[in-house]
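1. Sequence and predicted model, in that order:
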Amino acid sequence: MLTHDASGPDGMPLRVTVLRNANGMDVTFMDLGATWLSARVPLSDGSVREALLGCATPADYLQQSAYLGACVGRYANRIAQSFLTRTQHSLTPNQPPHQLHGGPEGFSHRRWLIVSQSPTEVRYRLHSPDGDQGFPGNLTTEVHYQLTDDNALIITYQAETDQPCPVALTNHAYFNLDACQGDARQHRLKIEADHYLPVTREGIPERGLHPVEGTGFDFRQPKTIADDFLKDTDQQTVGGYDHGYLLSHQGNHLTEAARLWSADNQLSLSVATSAPALQFYSGNFLDGTPARQGTWRNYQGIALETGFLPDSPNHPEWPQPDCWLQPGEKLHSVTRYQLIPA
């Protein structure tokens with residue numbers, strides 16, 4: 001573990017952890033937001049490629065609002081009108097009148113406790129008190145990052161609560177498999193989903209699930225993201241892709257949800273998850289976000305966030321598991337990001 005001179009909002013030094021596997025791949029995290037900072041993977045030609053958008057220093061993450069690599073909660077994605085109709089709780093908005101990614105002081109802004117670490121694993125814990133950002137119940141959550149020798153980062157989320165509360169945890173990494181160079185819309189993408197969820201300009205569901213068949217949202221066969229970019233009114237509404245997909249195969253076991261290929265075909269990413277949905281975001285508003293050099297541009301990174309559909313706490317009719325965690329239950333969700341050299 002490394003400590004940096006820069007400090008977090010609490011005045012304490014930022015703590016950085018680097019994990020390495022037997023193949024020479026390394027991934028880096030910090031305790032602020034349990035944030036994934038970097039993913040460097042050796043290619044077949046002996047070079048090492050960075051696959052994750054990030055900032056020049058850990059302190060720079062305090063100057064961005066794109067949630068780069070952060071662990072997001074209590075509820076990742078949007079909740080309409082910042083209101084839970086089931087329990088009549090008003091939440092704290094941060095995209096008024098709506099709440100995004102857990103509120104203005106969500107988990108991505110918090111100092112997580114490092115519970116344990118080894119050369120290939122690190123485990124973080126966070127306690128969220130009753131009423132935090134408006135959410136009911138005391139919630140304790142853990143995120144466990146494990147780097148395997150087949151270049152997979154396995155992320156395990158666990159949580160417990162003493163009151164019924166919606167919980168959806170995700171990691172908001174942005175990928176660019178071409179060494180973070182160029183337009184990520186030149187990547188090819190496959191998503192294992194037959195339906196997507198149309199949203200308003202504010203990212204709020206405006207009608208039910210819609211078949212991908214015959215639309216630019218159909219990624220059931222691999223295609224270049226740019227091919228159908230802004231083809232549909234539903235894309236034009238939000239400036240590109242920023243939509244939830246209901247995954248075709250749901251269950252408590254890991255199933256591949258998506259696969260991404262670099263434009264030069266030297267590196268691919270497999271995303272597997274036990275979660276029911278995937279948010280595909282094409283980086284439509286990345287302009288000006290601090291980068292390792294200069295700033296990132298729109299569409300320079302692709303986010304593939306596993307979890308639940310937006311506003312799921314208020315839509316029990318959607319065909320996915322209940323996102324409400326009950327007292328006595330334990331949330332257990334797993335996502336695997338595997339980087340595969342050609």
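-> Nice, thanks for sending it over.
2. The stretch 51-200 of the chain: strands as residue ranges?
-> Taking DSSP state E, counting those that start in this stretch as the criterion, the stretch 51-200 of the chain carries its strands at 71-72, 78-79, 83-84, 89-90, 99-100, 113-118, 121-128, 139-147, 152-161, 165-166, 170-171, 174-175, 188-191, 193-197.
3. and among those strands, the most buried is which?
-> Among the strands of the stretch 51-200 of the chain, judged by mean count of other CB atoms under 10 Å, the one packed with the most neighbours on average is strand 170-171 (a mean of 28). (C-beta placed from N, C-alpha, C; glycine too.)
4. just to revisit the earlier point, now distance to residue 64 and mean pLDDT too, for the strands of the stretch 51-200 of the chain, in TSV please.
-> Converted to TSV, the strands of the stretch 51-200 of the chain look like this (distance: least, CB to CB, whole Å; pLDDT from 0 to 100):
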stretch	distance to residue 64	mean pLDDT
strand 71-72	14	98
strand 78-79	19	98
strand 83-84	28	98
strand 89-90	28	98
strand 99-100	15	98
strand 113-118	23	97
strand 121-128	20	98
strand 139-147	20	98
strand 152-161	21	98
strand 165-166	26	98
strand 170-171	16	98
strand 174-175	11	98
strand 188-191	24	98
strand 193-197	26	98
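5. Adding distance to residue 311, write the ones you listed out as CSV.
-> Below are the strands of the stretch 51-200 of the chain laid out as CSV (distance: least, CB to CB, whole Å):
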stretch, distance to residue 311
strand 71-72, 15
strand 78-79, 6
strand 83-84, 10
strand 89-90, 14
strand 99-100, 10
strand 113-118, 30
strand 121-128, 20
strand 139-147, 20
strand 152-161, 20
strand 165-166, 10
strand 170-171, 15
strand 174-175, 23
strand 188-191, 20
strand 193-197, 9
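6. which stretch among the ones you listed comes nearest residue 21?
-> With respect to residue 21, and counting by CB to CB, the nearest of the strands of the stretch 51-200 of the chain is strand 139-147 at 5.1 Å.
7. Could the C-alpha coordinates of that closest one be exported in CSV?
-> Once non-C-alpha atoms are left out, strand 139-147 reads as follows in CSV (Å, rounded to 0.1, in the frame of the first residue of the first chain):
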residue,chain,number,x,y,z
LEU,A,139,-26.1,-0.3,5.7
THR,A,140,-22.7,-2.0,5.8
THR,A,141,-21.2,-2.9,2.5
GLU,A,142,-17.9,-4.4,1.3
VAL,A,143,-16.3,-4.6,-2.1
HIS,A,144,-13.6,-7.2,-2.8
TYR,A,145,-11.2,-6.8,-5.7
GLN,A,146,-9.3,-10.0,-6.8
LEU,A,147,-6.9,-10.2,-9.7
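8. quick one: it to strand 121-128, angle?
-> For strand 139-147 and strand 121-128, the angle between their directions (axes from the mean of the first three to the mean of the last three CA atoms, to 10 degrees) works out to 170 degrees.
9. Residues touching strand 139-147, excluding its own?
-> By CB atoms under 8 Å, 6 or more residues apart in numbering, the surrounding residues in contact with strand 139-147 are 19-21, 25-27, 29, 34, 36, 71, 73-74, 107, 112, 115, 120-128, 132, 153-161, 165, 167, 169, 325, 331.
10. what do you get for stretch 243-253?
-> Here stretch 243-253 makes contact (CB under 8 Å, 6+ apart) with 77, 191-199, 209, 212, 217, 234, 255, 257, 273-280, 308-310, 318-321, 332.
11. Show the end-to-end separation of it, please.
-> The separation between the terminal residues of stretch 243-253, taken as CA to CA, to the nearest Å, is 23 Å.
12. tell me which residues in it are buried?
-> 243-247, 250 (16 or more other CB atoms under 10 Å).
13. Please list only the buried members of the contacts of stretch 243-253.
-> Under a neighbour-count criterion of 16+ other CB under 10 Å, the subset of the contacts of stretch 243-253 counted as buried comprises 77, 191-193, 195-199, 209, 212, 217, 234, 257, 273-280, 308-310, 318, 320.
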